[in-house]
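1. fold the following for me, if possible:
(chains A and B)
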Amino acid sequence: KNQVEQSPQSLIILEGKNCTLQCNYTVSPFSNLRWYKQDTGRGPVSLTIMTFSENTKSNGRYTATLDADTKQSSLHITASQLSDSASYICVVSAAGGTSYGKLTFGQGTILTVHP
Amino acid sequence: DTGVSQNPRHKITKRGQNVTFRCDPISEHNRLYWYRQTLGQGPEFLTYFQNEAQLEKSRLLSDRFSAERPKGSFSTLEIQRTEQGDSAMYLCASSLGPDWSEAFFGQGTRLTVV
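-> From the prediction side, this is the model:
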């Protein structure tokens, strides 16, 4: 069964600090991995998209890494801001077969940034 | 507004009633996805369309659920004989191929079955 697992489930940090969120996946065949940010009551918004050939991708203060061999990804947030408080969801897209293009979501990491 | 639009934003219905949600994707996006999200969980795949063809349905999509995309543009998701367990946020997303293109999500429809 294709799965995406994230850790930690929740995280509290102080404003200005850095943090790293983890994602492990078993989706196969693999096409790409995405990180989304979801504010409460809103739809997810894409932060990064990485294919198997990409090891790292940055979007402002967000840096995602991908190890396609170990099927692991991380999202690093630097100099956190109060507005970073949200759920961060790791999403893996399958390639080929009947699952072509289907997105499998992790359960998300709830990040809370305190002043 | 050129983003993905979902209507209604909120729906409260009595158990046993039928409900229908609508999703208008970004113009010219050929892929459209439906997901369901319960509190504290990540979205779960329900079904997806490439143009008007429904390519895959999740086992979560029981026979009470049906989705259509008749002209390859907007889509509807209907739930018949709603149950309390159907209470969730229903999210729609669209993308323009290829497979690695960004999927844009709507704001979702929050369904409450009482």
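2. tell me the pLDDT at residue B:98?
-> We have a pLDDT of 62 for residue B:98.
3. over to residue A:12?
-> What the model reports for residue A:12 is a pLDDT of 97.
4. so which strand or helix has the nearest residue to it once chain neighbours are set aside?
-> Leaving aside its sequence neighbours, residue A:12 sits nearest to residue A:112 (CB to CB, 6 or more residues apart in numbering or on different chains; 4.7 Å). Yep, even glycine has a C-beta here, placed from its N, CA and C like the rest. Using DSSP states H and E, residue A:112 falls within strand A:109-114.
5. tell me which other helices or strands that strand touches.
-> For strand A:109-114, the elements it packs on are strand A:10-14, strand A:19-25, strand A:86-94, judged by 3 or more CB pairs under 8 Å, 6 or more residues apart in numbering or on different chains; DSSP states H and E.
6. tabulate those (CSV), appending distance to residue B:45.
-> Formatted as CSV, the helices and strands packed on strand A:109-114 follow (distance: least, CB to CB, whole Å):
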stretch, distance to residue B:45
strand A:10-14, 24
strand A:19-25, 14
strand A:86-94, 10
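7. and among the ones you listed, the most buried is which?
-> strand A:86-94 (a mean of 24; mean count of other CB atoms under 10 Å in any protein chain shown).
8. any idea of the angle it forms with strand A:10-14?
-> For strand A:86-94 against strand A:10-14, the angle by axes from the mean of the first three to the mean of the last three CA atoms, to 10 degrees is 130 degrees.
9. hmm, residue A:109 is touching residue A:7, no?
-> Yes. Applying CB atoms under 8 Å as the test, residue A:109 and residue A:7 come out as touching, 7.2 Å apart.
10. which one's more surrounded, those two?
-> Taking neighbours as other CB atoms under 10 Å in any protein chain shown, residue A:109 and residue A:7 compare with residue A:109 leading, 22 against 12.
11. which residue is nearest the middle of chain B?
-> In chain B, the residue lying closest to the centroid (CA atoms, centre = their mean) is residue B:34, at 3.4 Å.
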